[in-house]
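Peer 1: sequence first, then the predicted structure:
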Amino acid sequence: MNREQELRDMIRRIDHKGYPNYKQLKGGYQFPTYELRIHHVQGDPFAAPSSVSVKVAGAKAGFPADLYDTEEKRIALQDELLRTFARVLKPYSFQAKGSGKSGLMSVSQPGQEILARTGCEIDSQRGDVILRMEIGFPANGRTINGRELEKILFTFLPQCVQKSLFYKSLDAVRLQKTACLAEDQTFLRQQLQERGLVAFVANGAVLPRESGVSNRPMKDAVVFQSPKTMEVEMALPNGGSIRGMGIPKGVTLIVGGGYHGKSTLLKALELGVYNHIAGDGREYVVTDATAMKIRAEDGRGVKKTDISLFITNLPNGRDTKQFVTEDASGSTSQAANMAEAMEAGCQTFLIDEDTSATNFMIRDELMQRVVSSDVEPITPFTMRVRELYEKEGISTILVAGSSGSYFHKADVVLQMNRYMPQDITDKAKEAAKEFPLPLEDAAPYQSPNDRRIYARDSKFAAEQRIKSKVMGRDGIMINRDTIDLRYVEQLCDTEQLAGLVPLMKFLRALVLDGKKDLIQCVDEVAALYDKQGWQGICGGSYVPSGISMPRKQEIFACINRWRSLRI
């Protein structure tokens, strides 16, 4: 490890030389209270900024072990330190002047959800803190401006590190509350199974968001209050208890007029698979960790997926037990999404009628009379929803605004009225007696075959350089392949998509070998991540900043949408 002064001497030696000389700075340097490591140096001041990390030894950082002795508390502490560092860093960015990205200082910008990000990681044994960031090394034109880089590395950065990554510099009460909140949220999610629930929404929760482009809580919003018939009490590990609405396993129908909060409630449940920061309003909205939002996705590719539970006897004779298409319809895409979710281990479906294929969801009596079942290939979801729960243990939470057929199938019917839920199960069941369903003529229930095997692509495995790009929240690009992820709605952060890039590279090159099925492949990657972290996935000691581990369900979803994979 080089000393701090050696870095200063090198910067002064290359000052006013051509920009490529900055590459001489790669390596590690020992500062008085931390290690600085320069991993990658940009090719010119207009290229992607340089990658830098700071490591503070646990003994110097001084964080008590009880702030990170469980996974959920460790991730919450990492998230809090990253947010603090970003806040402290902001005034310093671009204070060093120059061309292009000169002076840029940036780290991950977390949203409302608490995710495990490479931007900040804490060693669970020693308490070492690693902070990864990007810096635009300054230049005048394409000539090194060493004095400006000295400002960054010897003045700005040390001040940010001192204010953000040492326990003595931070609010100890706030850190303790952060750890307790993470522990309470995780405990609630674990309690769902024991209490026979799939979701819990606390009284006082704020579900509406600020706007369509802001995920912060809406000011002066109506706060949530559970119907008395569904109210449950949960004891928290850090003292006290909390009351709210428990949604039981089975089939739950959410109804109500337009703009009364049906989809707002469902959206909160979608993101209830993640922990949230204090002040979000949804801190105590938790959902079954395997829950998946299911919707129609016209035009997506489908590879040898068994959709025969919902679609059979297609007029062109296509095999629906190994259904293949490059341009799925609304109904076939939703059937495939549901079968793939089952493959991914989903135990709760979240469905909004507004984003579903109508003919997949329901066929009314008149349509059944006019178009007989022997010429209709679709078995609508209304005919399968109870079987999925009774035979597979898969619950469904469904938002419906136009069809009353699901009243017959639901265990619970909630009506949203001005953002307030009302339990109208008895009323709905009584009304449904006047509108009996026609005799259902569905094919016998048969579980989908979910053990698909992807072939090894030797050409891809042999490629030395693979280009990749994250396209915001829309998808990722690997070489010439675009993987469309717009409708995988529980991907809540661009860093999760960035994390899918190395995951897909690893899966295709090393795991999808034609011997293991998809479930085994994803389990193998998850086990490697649990053991070695991103170092195991990325295949080396260098881990890029700005990536986050998505859920296993989203890893499955990404693989299923990668059109060039062979199966």
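Peer 2: Okay, I see it. The model shown is predicted, which means the values in this text are computed figures rather than measured ones. Residues are numbered from 1 along each chain as shown.
Peer 1: give me the distance between the residue nearest the centre of the chain and residue 114.
Peer 2: The residue lying closest to the centre of the chain (Cα atoms, centre = their mean) is residue 491, at 3.8 Å. Per Cβ to Cβ, to the nearest Å, residue 491 is found 15 Å from residue 114. C-beta coordinates here come from the backbone N, C-alpha and C atoms, glycine included.
Peer 1: helices or strands next to the top helix by length along the chain in the packing?
Peer 2: Counting by DSSP state H, the longest helix found in the chain is helix 172-194. For helix 172-194, the elements it packs on are helix 71-89, strand 197-202, strand 275-276, strand 285-287, judged by 3 or more Cβ pairs under 8 Å, 6 or more residues apart in numbering; DSSP states H and E.
Peer 1: any chance of the ones you listed in a markdown table, plus distance to residue 451, mean neighbour count and mean pLDDT?
Peer 2: Listed next are the helices and strands packed on helix 172-194 as a markdown table, based on distance: least, Cβ to Cβ, whole Å; neighbours: other Cβ atoms under 10 Å; pLDDT from 0 to 100:
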| stretch | distance to residue 451 | mean neighbour count | mean pLDDT |
| --- | --- | --- | --- |
| helix 71-89 | 30 | 21 | 98 |
| strand 197-202 | 26 | 25 | 98 |
| strand 275-276 | 32 | 24 | 98 |
| strand 285-287 | 27 | 27 | 98 |
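Peer 1: for residue 532, which of those is the nearest?
Peer 2: helix 71-89 (15.2 Å; Cβ to Cβ).
Peer 1: helices of the stretch 401-550 of the chain, start to end?
Peer 2: 425-432, 458-462, 494-506, 518-532, 534-538 (DSSP state H, counting those that start in this stretch).
Peer 1: do you know which of the helices and strands packed on helix 172-194 lies nearest residue 525?
Peer 2: helix 71-89 (17.7 Å).
Peer 1: who are the packing partners of the next helix or strand after that closest one?
Peer 2: Going down the chain from helix 71-89, the next helix or strand is strand 105-106, by DSSP states H and E. Packing partners of strand 105-106 (3+ Cβ pairs under 8 Å, 6+ apart): strand 129-135.
Peer 1: just the CA trace of the strand it packs on, in PDB.
Peer 2: Extracted in PDB, the C-alpha atoms of strand 129-135 (Å, rounded to 0.1, in the frame of the first residue of the first chain):
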ATOM      1  CA  VAL A 129     -16.800   0.300   5.800                       C
ATOM      2  CA  ILE A 130     -16.200   0.500   2.000                       C
ATOM      3  CA  LEU A 131     -17.600   3.500   0.100                       C
ATOM      4  CA  ARG A 132     -17.500   3.400  -3.700                       C
ATOM      5  CA  MET A 133     -17.900   6.500  -5.800                       C
ATOM      6  CA  GLU A 134     -17.000   8.200  -9.100                       C
ATOM      7  CA  ILE A 135     -14.800  11.200  -9.700                       C
END
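Peer 1: helices and strands of the chain: which one bottoms out on pLDDT?
Peer 2: helix 365-370 (a mean of 62; mean pLDDT, DSSP states H and E).
Peer 1: check which element follows that helix along the chain.
Peer 2: Following helix 365-370 in sequence, per DSSP H and E, is helix 385-392.
Peer 1: what mean pLDDT does the helix or strand just after that following helix get?
Peer 2: Counting by DSSP H and E, the next helix or strand C-terminal to helix 385-392 is strand 395-399. Strand 395-399 comes out with an average pLDDT of 98.
Peer 1: next, the angle strand 197-202 makes with strand 395-399.
Peer 2: 50 degrees (axes from the mean of the first three to the mean of the last three Cα atoms, to 10 degrees).
Peer 1: sheet partners, orientation included, of strand 395-399?
Peer 2: strand 251-255 (parallel), strand 348-352 (parallel) (DSSP bridges).
Peer 1: give me the contacts around it.
Peer 2: 198-199, 247, 249-255, 262-263, 265-266, 269, 288, 347-354, 385, 388-389, 406, 410 (Cβ atoms under 8 Å, 6 or more residues apart in numbering).
Peer 1: show the end-to-end separation of stretch 224-237, please.
Peer 2: 23 Å (Cα to Cα, to the nearest Å).
Peer 1: chain center to that stretch, what's the gap?
Peer 2: 27 Å (Cα atoms, centre = their mean, to the nearest Å).
Peer 1: grab the nearest non-local neighbour of residue 486.
Peer 2: Take residue 486 and drop its neighbours on the chain: the residue closest to it by Cβ to Cβ, 6 or more residues apart in numbering is residue 474, 5.1 Å away.
Peer 1: for residue 402, that is, sorry about that
Peer 2: residue 353 (6.7 Å).
Peer 1: before we move on, back to that, just put the strands paired with strand 395-399 in JSON lines and tack on mean pLDDT.
Peer 2: JSON lines is the format used below for the strands paired with strand 395-399 (pLDDT from 0 to 100):
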{"stretch": "strand 251-255", "mean pLDDT": "98"}
{"stretch": "strand 348-352", "mean pLDDT": "98"}
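Peer 1: about what we covered before: the residue nearest to residue 402 against residue 400, yeah?
Peer 2: Yes. At 4.7 Å, residue 353 counts as touching residue 400 under the criterion of Cβ atoms under 8 Å.
Peer 1: neighbour count winner among those two?
Peer 2: Legend: neighbour count by other Cβ atoms under 10 Å for residue 353 and residue 400, higher for residue 400 (23 against 19).
Peer 1: ok, the more buried one touching residue 255?
Peer 2: Yes. Counting by Cβ under 8 Å, residue 400 does reach residue 255; the two are 5.7 Å apart.
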